[in-house]
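Q: take this sequence and fold it.
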Amino acid sequence: MFFKIAMNNVKRSFKDYSIYFLTLTFAVCIFYSFNSIEAQTSLLEIGKSTKTYVATLNKLIAGTSVFVSFILGGLIIYANNFLIKKRKKELGIYMTLGMSKGKISRILILETFLIGLLSLAAGVLLGIIVSQGLSVITAKLLVVDMNKYRFIVSISAIIKSSIYFGIIFLLVMIFNQIIISKYKLIDMLNATKKNEDIKLKNPVVSIVIFLLSAAALIAAYSMVLKIGVAPDNTTFMASILLGVIGTLMCFYSLSSFLINVLQKSKKIYLKNLNIFILRQINNKITTNFLSMTTICLMLFLTITLLFTMFGYKGTLDTMLKGNTSFDASAKLDINIKDQKIKDIKESLEKANFKFEPNEKHVFFTEYKLELSLNDLLSKYLSKKEQRELQLNYTDGPISAVKVSEYNSIRQLLGQQPVSLKDNEILVVSNYEKTINAFDIFMKNENSAVIANKTYSIKNKASIKENIISSKASLEFLYFIIPDNFQGTLKPQASSFNAIFQGNDYEKSKERFSDLFAELEKYRYEKDDFMLVYGNTVEQLYASVYGPSALIVFLGIYLGIVFLISSAAVLALQQLSEASDSLHRYNSLKKIGATEKMINKSILVQTLIYFMVPLSLAIIHSAVGITVTNKMLRTENKSIFQGSSLMIALALIVIYGGYFYATYFSFKRIVKTSN
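A: Model prediction:
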């Protein structure tokens, strides 16, 4: 009997459960999608180095999922509380008819179980589809091929999702029993007659608080734009505190402030049901200003996380340009204390390594000139920029390679050699991407003074192709000098580059990976100490894109969870307001308000309620993205060739979906009321 009642209740009230069901489905979908990454990546052509980062990613996702489960658990309990509150009168009638609280709890348990089972199934099915798209994102983030990819269902992710959400639903059932046991019959029957208190009534106070909130936010923006992301800086922490306080004060005073402003324009204020709409909005925002503040900050984190995470990936794409010409490269740092070996050839002999015929290679030496980057650019650098160069360790002696060895590197790549006169140099660099003064220097100067001698710069634009493929040299600056250079040259590093030819590419890649692992051991041996940095191009990609994949995935995961939580809370608050305000809408019907006018008023107030926290969050995010982009040195111009549009679309679909579902449910509740 109880099962039949529960089933009928779910069928009858399914539209009332729409937001609850939507939230549960999205939650399960996201949870499954990210926990299925391990199964998805197993089908990608991932090398040994990348697998290390994938394993770390899976561990981080697993750990983050615990945190996410607490957020989603709290959200589900919050949503469930809304449903219980909405059905107080119905439950009160059950008690009036003689049904005990225990039997009512049993019906609610069965309803929760049915809704949970249905949403779990729908969420997993949707997650299976979404996870396929996540595989494409994974492949792009890690820069790997998808030749072995096929449609896959992760059984482990289904089991994990079922266990986590099973525990959450169990807690919801316990929560329902506790809530029902505390309710009194009189409170249940009169639940719909309670009104919300207006927190702020004095118009002068509201205007003053709103102006103070605007001042606090402007001050916070100014401070963080000036300081940047600096957790150890007290000014940065003060800007965060001011931002939170300013947001809180804004929502506390916003609705009353707007009413006072709009009252000045009688045409707007007295038009149609605008007075009613404004009073409704005033009640909602002033009553829920704490939750509105939290939602705004969560939306701010969501937007900032999603846009800057992909921006970070775009920065790495830009930095890698010109750095992946060779299949393997290695550098021996010569000027290291206690290091006896001064030539990388000796290092290879020590490791008993010999090049195979298909492993074409060249050796070369890197020197340091008596010229620093600061000296070179001093004419175009401000004092602040000079300090930044020193703090970032960018300043220092400029590196040089002799033209004969540079031509050997070019020959390895199948390029034509270059010739230099005794008073000429070439510039190889990508510094204009990070140091604006360097770009200005290259456009305006045609010479450089090295060791009191002037050398003409042969190229008007720097060569963007690095002379080595090394993760330690993503930003590079070299002067290519004549072989008979007269100035002081201090040997700094002995290096080699290799390119694999023929059909033994995989074998060579494995050989060099083992070589670099062997050479790394010598860093920790005192007797045979030598500092060699080497990597294959695959290891280079893994070291650069691996950490970015970790950051991007966690950013997307948390961002979407925050977005769903924010939109769901807004929706539930609106529907709760709809149930509590039915008598007001019935009064509007009695005085002649048409259904069209009432529906329009519902649309406007729902739109305002959703847009107010989003609008302020967008303003916060504009500042946050600017600061983060400056820190990551990215402009978010071409990431994923349209990822900004993809992110915006995802935000619109999820947030807009909740808005539409809320409007539709709100309208139906009012329409079916007596």
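Q: who does the helix or strand encompassing Lys509 touch, helix- and strand-wise?
A: Mapping Lys509 onto the secondary structure by DSSP states H and E places it in helix 505-521. When contacts are defined as 3 or more Cβ pairs under 8 Å, 6 or more residues apart in numbering; DSSP states H and E, helix 505-521 packs onto strand 328-333, strand 490-500, strand 532-536, helix 537-580. For glycine as for every other residue, the C-beta is placed from the backbone atoms N, C-alpha and C.
Q: now do that helix against strand 532-536, angle only.
A: 160 degrees (axes from the mean of the first three to the mean of the last three Cα atoms, to 10 degrees).
Q: kindly export helix 505-521 (C-alpha atoms) in PDB.
A: Output of helix 505-521 as PDB, limited to C-alpha atoms (Å, rounded to 0.1, in the frame of the first residue of the first chain):
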ATOM      1  CA  TYR A 505      60.800   5.600 -33.900                       C
ATOM      2  CA  GLU A 506      59.200   3.900 -30.900                       C
ATOM      3  CA  LYS A 507      62.300   1.900 -30.100                       C
ATOM      4  CA  SER A 508      64.500   5.100 -30.200                       C
ATOM      5  CA  LYS A 509      62.000   6.900 -28.100                       C
ATOM      6  CA  GLU A 510      62.200   4.200 -25.500                       C
ATOM      7  CA  ARG A 511      66.000   4.100 -25.700                       C
ATOM      8  CA  PHE A 512      66.300   7.800 -25.000                       C
ATOM      9  CA  SER A 513      63.700   7.800 -22.200                       C
ATOM     10  CA  ASP A 514      65.800   5.100 -20.500                       C
ATOM     11  CA  LEU A 515      69.000   7.100 -21.200                       C
ATOM     12  CA  PHE A 516      67.600  10.300 -19.500                       C
ATOM     13  CA  ALA A 517      66.400   8.300 -16.600                       C
ATOM     14  CA  GLU A 518      69.900   6.800 -16.200                       C
ATOM     15  CA  LEU A 519      71.600  10.200 -16.500                       C
ATOM     16  CA  GLU A 520      69.200  11.600 -13.900                       C
ATOM     17  CA  LYS A 521      70.500   9.100 -11.300                       C
END
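Q: buried ones in it?
A: Residues 508-509, 511-513, 515-516, 518-519 are the ones in helix 505-521 that count as buried (16 or more other Cβ atoms under 10 Å).
Q: model confidence over that helix, on average?
A: Averaging pLDDT along helix 505-521 yields 87.
Q: what's the answer for stretch 325-344, then?
A: Here the average pLDDT along stretch 325-344 is 84.
Q: buried stuff in it?
A: Buried, per 16+ other Cβ under 10 Å, within stretch 325-344: 325-334, 339, 341, 344.
Q: same thing with stretch 592-606?
A: 593, 598, 601-602, 604-606.
Q: tabulate the residues you listed (CSV), appending pLDDT and secondary structure.
A: As requested, these are arranged in CSV below (pLDDT from 0 to 100; DSSP: H, G, I helix; E, B strand; the rest coil):
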residue, pLDDT, secondary structure
Ala593, 75, coil
Ile598, 82, helix
Ser601, 82, helix
Ile602, 84, helix
Val604, 83, helix
Gln605, 83, helix
Thr606, 86, helix
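Q: per-domain residue ranges of this protein.
A: 1-194, 197-322+538-674, 328-537 (automatic domain parsing).
Q: got a list of what Asn466 touches?
A: Counting by Cβ atoms under 8 Å, 6 or more residues apart in numbering, Asn466 touches 322-323, 325, 428, 430, 473, 476.
Q: next step: these restricted to strands.
A: Val428 (DSSP state E).
Q: any idea which of the contacts of Asn466 is closest to Ala122?
A: The closest of those to Ala122 turns out to be Asn323 (Cβ to Cβ; 45.7 Å).
Q: list phi and psi for the residue nearest to that closest one when sequence neighbours are not counted.
A: Computed as Cβ to Cβ, 6 or more residues apart in numbering, the closest residue to Asn323 that is not its neighbour in sequence is Asn466, at 4.9 Å. Phi and psi for Asn466, reported as degrees, to the nearest 10, are phi -70, psi 150.
Q: what residue ranges in the stretch 1-150 of the chain score low on pLDDT?
A: 1-17, 40-51, 53, 82-83, 85-92, 94-95, 97-98, 100-102, 105, 139-150 (pLDDT under 70).
Q: now with 80, please.
A: The model of the stretch 1-150 of the chain has pLDDT under 80 over residues 1-23, 37-61, 72, 74-116, 131-150.
Q: ok, which stretches of it are helices?
A: 2-12, 18-35, 37-41, 48-86, 88-96, 101-142 (DSSP state H, counting those that start in this stretch).
Q: again, but for the stretch 301-450 of the chain
A: So, for the stretch 301-450 of the chain - with DSSP H, counting those that start in this stretch - the helices run 344-350, 373-377, 383-391, 403-412, 436-444.
Q: summarise which helices and strands the longest one is packed against.
A: Here helix 403-412 is seen to pack against strand 359-372, strand 477-481, strand 490-500 when contacts are counted using 3+ Cβ pairs under 8 Å, 6+ apart.
Q: Provide the strand pairings for the first one, with the direction of each partner.
A: Within its sheet, strand 359-372 is paired with strand 397-402 (antiparallel), strand 490-500 (antiparallel), according to DSSP bridges.
Q: out of those, which gets nearest to Val537?
A: strand 490-500 (9.6 Å).
Q: quick one: the closest one to helix 537-580, angle?
A: 80 degrees.
Q: which positions within strand 490-500 qualify as buried?
A: Buried residues in strand 490-500 (16+ other Cβ under 10 Å): 492-500.
Q: quick check: Ile71 touching Ser565?
A: Yes. In this structure Ile71 lies within contact range of Ser565 using Cβ atoms under 8 Å: 6.0 Å.
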